[in-house]
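Participant: Let me see the structure of the following:
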Amino acid sequence: MNMRTLAIVLGVALAASVAVNLFAATAAYTALTGQDRIERRMDGKAGDEYRASPRELVAALDPEVRGRVRQALRDAGLAARPDFQQARAARRQAIAAAAAEPYDRALVERLLDQSRAAEIRGRRRLEADTLTILGTLEPAERAAFAQILRRSKGGGDGGHGDKGGDGRPK
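Facilitator: Have a look, this model is predicted:
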């Protein structure tokens, strides 16, 4: 066998070896991560991870009901908007007061209390309006749409994780 043929044979063998090893590594990675995913699903964690957005929940409604529900949610968001704006403003003031000299703990606490109270008012208003909307739906639609009462992931959303920056539902 001449040198050129030997080089070609060794090159092909090396390429085949790399391809087999790459395939084996990919298969092992997929198997390990797939097993982890299956274990999480078996533990019931995977079902809690996905939360449909209000927009998705509205889209799943009967077309005859969808427009009415969308408008009611928009109205609810607009009604609660001043409370969430007040909560954000009080939180910004608390941050500024906490950074100021001299440090006034009582002022910062008072501003944080005002922020929390405004957020709770806004959330209470949104939830009350949502309950009213739920009362207008048929049982099957109500069961599916009730997921809108779930709070967003993370919890620290200032009461508007599922809404646009202006406090309205998306």
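Participant: so where is the protein shaky, pLDDT-wise?
Facilitator: Flagging of the chain using pLDDT under 70 yields the residue ranges 31-50, 151-170.
Participant: how far is the longest helix along the chain from where the chain is centred?
Facilitator: Ordering each helix of the chain by length in residues (DSSP state H) puts helix 3-42 first. Relative to the centre of its chain, helix 3-42 is centred 36 Å away, using CA atoms, centre = their mean, to the nearest Å.
Participant: That one packs against which elements?
Facilitator: Contacts defined by 3 or more CB pairs under 8 Å, 6 or more residues apart in numbering; DSSP states H and E place helix 3-42 against helix 46-49. (Each C-beta comes from the backbone N, C-alpha and C, glycine too.)
Participant: And the helices in the protein, which stretches?
Facilitator: Applying DSSP H to the chain gives helices spanning 3-42, 46-49, 54-59, 63-99, 105-135, 139-145.
Participant: okay if I get those helices as a markdown table plus mean neighbour count?
Facilitator: Shown next, in a markdown table, are the helices of the chain (neighbours: other CB atoms under 10 Å):
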| stretch | mean neighbour count |
| --- | --- |
| helix 3-42 | 10 |
| helix 46-49 | 10 |
| helix 54-59 | 16 |
| helix 63-99 | 16 |
| helix 105-135 | 16 |
| helix 139-145 | 13 |
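Participant: quick one: contacts for residue 121?
Facilitator: Listed by CB atoms under 8 Å, 6 or more residues apart in numbering, the contact set of residue 121 reads 80, 83.
Participant: quick one: it from residue 87, how far?
Facilitator: Distance, residue 121 to residue 87, using CB to CB, to the nearest Å: 8 Å.
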